[in-house]
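# Sequence first, then the predicted structure:
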Number of protein chains: 2
Amino acid sequence: MASMKTVRDIGEFGLIRQLAKHIPLAGDDCAVLPGGGLLTCDPVIEGIHFLPDTPARRVGWKAMARNLSDIAAMGGEPRYAVVSLGLRPSTPVRWVRELYAGMRAVAGQFGCEIVGGDTAHVRHEQFVVVTLLGHADRPVRRSGAKPGDIVFVTGPLGGSFSSGKHLTFTPRLREGRYLARYAHAMIDVSDGLASDLHRLVEASRVGFDIASAKIPGRLPGALTDGEDFELLFTVAPREAGPLRRKFHEIGRVIQQPVVLLDGRPLAAKGYDHFAQRR
Amino acid sequence: MASMKTVRDIGEFGLIRQLAKHIPLAGDDCAVLPGGGLLTCDPVIEGIHFLPDTPARRVGWKAMARNLSDIAAMGGEPRYAVVSLGLRPSTPVRWVRELYAGMRAVAGQFGCEIVGGDTAHVRHEQFVVVTLLGHADRPVRRSGAKPGDIVFVTGPLGGSFSSGKHLTFTPRLREGRYLARYAHAMIDVSDGLASDLHRLVEASRVGFDIASAKIPGRLPGALTDGEDFELLFTVAPREAGPLRRKFHEIGRVIQQPVVLLDGRPLAAKGYDHFAQRR
């Protein structure tokens, strides 16, 4: 019976698909508001996105940078942030100050200001939810990829957890703004290349033919580790020339709505919060 | 040593005061952006704001209505909402659908649209963080109360948990917009009248002389229960006449920065998430 299914049964994508029926502006990294406003929020949770002993400054950096990455994926600029914290009463005040220092450090690099927030008590897992308000003159969506487009990523993929990159990465805002002139479709690689290619398939109703030898990173981690926060985008072949000197070309957009790796179908086995953990 | 203090030691107000040093636009129910934009977020957490057996539709209603109340307290209009959910994998999909139905029900009454969101996995307490973007032509702040002003509340106080009002209340958006023309200072009563009067003291650098007999509600609950979500506001004496027919006059603004109840000092013993629970 459909109504007895759990969040684990249908997974994160299934849940988002269910919810999206009721969310008219959903389906991109940010909601695009009339006039070019961008609104996005993303939770960061202890035990999932960081560990109890992760330095608070890095937790703050990550919580802010993930959201900045969503603005980058639309080709936008961040402006204002508000922060909701779930804190255990035993947490040192110093931890919270360090958390804010980390958030401010990365937000400040990109002209984004923390303007408010609220806190509440939790018994178990602490969490940080950053919401960003930004702007894009020409927001780049996930839905614009066209057959024949060239597919790029902005940097190396895979190993983000083992290397610690997931806590220290620089959101690709400069690249995103530059690419807003060229990209037909764009997304940040948060759940792994395989998974995020499938998201573009769903939004653009096209497919991808990817060459494993061209992916910047070791397989299979480069396909599935997630939390890379590089931008994945497609451009018309005539625009690809100068981009080849800056970014990594990994394949082409095809008509058939499927992801092929070296000619063979590739499943969306990226990171799913609900399926992979208990 | 100051740096070893915990969140419990300094309490919610202490923490917010610490954080506010770094948040230039903080100190009101919403951050006020250039051009009159309002941005606010507020977490709702299982075990604190709702119980595991609270119907999901009511959890959704409350999570959205609390934030709408923050917009009301500025005399503003809500426009767009994004939602972050922390969900256990065992949660039925139906629960999430009902949660959204509750959020949409109250948001829709006030022309506010849910435009996006994100979900992640928790092991223990589920949470809902709604962020609202709104607008006010003349945002009413906490800082404008003047000695001699008349103090009002929009409705009854106290008993919100025992009556279930905390799950079903109507945010005072219509009242807030009407009052934007008159109010010198305004706040929604979320942590109890005593506590929220002290917030106005801090923001306006004035005091309050309140008559217990005029408070609409039974003491001491009307002072300290919290989650009333009525508006507390001050107006010039010459504007008070017609407001006396609609709202409850409870006292006057005085010069000395203290809260008096029937002439005796009243402490800020409202609801503090960190101090009162373990």
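Done, it's in. Numbers count the residues shown, from 1 in each chain, chains lettered A, B, ... in the order given.
# use CA for all of it now, contacts and neighbours both
Fine.
# Would you agree A:A180 is in contact with A:L173?
No - contact criterion C-alpha atoms under 8 Å: A:A180 and A:L173 do not qualify, at 10.4 Å.
# Overlap in contacts, the two.
Jointly contacting A:A180 and A:L173 under the rule C-alpha atoms under 8 Å, 6 or more residues apart in numbering or on different chains are A:G75, A:G76.
# which residues are contacting stretch A:83-102?
Here stretch A:83-102 has contacts from A:56-61, A:114, A:116-131, B:3-8, B:15, B:19, B:41-43, B:129, B:274-275, B:278, using C-alpha under 8 Å, 6+ apart.
# Out of these, list just those in strands.
Judged by DSSP state E, the contacts of stretch A:83-102 include A:114, A:116-121, A:127-131, B:41-43, B:129 as members of strands.
# tell me the two of those that are most distant?
Farthest pair in those (C-alpha to C-alpha) is A:I114 and A:H121. Separation: 21.0 Å.
# How many neighbouring residues does A:P220 have?
The number of residues packed around A:P220, counting by other C-alpha atoms under 10 Å in any protein chain shown, is 12.
# so what pLDDT did it get?
On pLDDT, A:P220 comes in at 93.
# Quickly note the distance from it to A:K269.
10 Å (C-alpha to C-alpha, to the nearest Å).
# ok, now A:G226?
Remark: distance between A:G226 and A:K269 (C-alpha to C-alpha) = 10 Å.
# More neighbours: these two, which one.
Taking neighbours as other C-alpha under 10 Å, A:G226 and A:K269 compare with A:G226 leading, 25 against 16.
# Test my guess that that one contacts A:A194.
No - using C-alpha under 8 Å, A:G226 is not in contact with A:A194; the gap is 9.2 Å.
# ok, A:D188 touching A:G226?
No - counting by C-alpha under 8 Å, A:D188 sits too far from A:G226 to count as a contact (10.1 Å).
# Return the residues of the stretch 101-250 of chain A in contact with chain B.
A:114-125, A:129, A:131 (C-alpha under 8 Å from any C-alpha of the partner chain).
# Of those residues, which is the most crowded?
Neighbour counts for these peak at A:T131, which has 33 neighbours (criterion: other C-alpha under 10 Å).
# How about the contacts made by that residue?
Going by C-alpha under 8 Å, 6+ apart, A:T131 touches A:L39, A:T40, A:C41, A:D42, A:N67, A:A81, A:V82, A:V83, B:T131.
# just for chain A, where's the confidence low?
A:1-3, A:20-27, A:270-278 (pLDDT under 70).
# Quick one: the strands in it, in order.
A:31-32, A:37-45, A:77-87, A:113-121, A:127-135, A:150-153, A:185-188, A:207-210, A:231-235, A:248-254, A:259-261, A:264-265.
# Using CSV, write down the CA coordinates of the fifth one.
Provided in CSV are the C-alpha atoms of strand A:127-135 (Å, rounded to 0.1, in the frame of the first residue of the first chain):
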residue,chain,number,x,y,z
PHE,A,127,22.3,20.5,12.9
VAL,A,128,23.0,23.7,10.9
VAL,A,129,20.5,24.9,8.3
VAL,A,130,21.7,27.8,6.2
THR,A,131,19.3,29.6,3.9
LEU,A,132,20.6,31.8,1.2
LEU,A,133,19.0,34.6,-0.8
GLY,A,134,20.8,35.4,-4.0
HIS,A,135,20.3,36.7,-7.5
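# quick one: it to strand A:37-45, angle?
With axes from the mean of the first three to the mean of the last three C-alpha atoms, to 10 degrees applied, the angle from strand A:127-135 to strand A:37-45 works out at 170 degrees.
# Tell me what angle strand A:127-135 forms with strand A:77-87.
Interaxial angle, strand A:127-135 versus strand A:77-87 (the same axes, to 10 degrees): 160 degrees.
# same check, this time on the fourth one
Here strand A:113-121 points in a direction 20 degrees away from that of strand A:77-87 (the same axes, to 10 degrees).
# Pull the distance from strand A:113-121 to the chain's centre.
Distance, stretch centre to chain centre, for strand A:113-121: 22 Å (C-alpha atoms, centre = their mean, to the nearest Å).
# And for the third one?
Mean-position distance between strand A:77-87 and its chain equals 16 Å (C-alpha atoms, centre = their mean).
# do the same with stretch A:65-77
The gap between where stretch A:65-77 is centred and where its chain is centred comes out at 8 Å by C-alpha atoms, centre = their mean.
# List the contacts of stretch A:117-124.
Contacts to stretch A:117-124, defined as C-alpha under 8 Å, 6+ apart, come from residues A:82-89, B:12, B:16, B:26, B:40-45, B:48, B:124-125, B:273-274, B:278.
# Please export the alpha-carbon coordinates of that stretch; PDB is fine.
C-alpha atoms of stretch A:117-124 as PDB (Å, rounded to 0.1, in the frame of the first residue of the first chain):
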ATOM      1  CA  GLY A 117      19.000  33.200  12.600                       C
ATOM      2  CA  ASP A 118      17.500  31.300  15.400                       C
ATOM      3  CA  THR A 119      18.600  28.500  17.700                       C
ATOM      4  CA  ALA A 120      16.800  25.600  19.500                       C
ATOM      5  CA  HIS A 121      17.700  22.700  21.700                       C
ATOM      6  CA  VAL A 122      18.300  19.200  20.500                       C
ATOM      7  CA  ARG A 123      19.100  16.100  22.700                       C
ATOM      8  CA  HIS A 124      21.000  14.200  20.000                       C
END
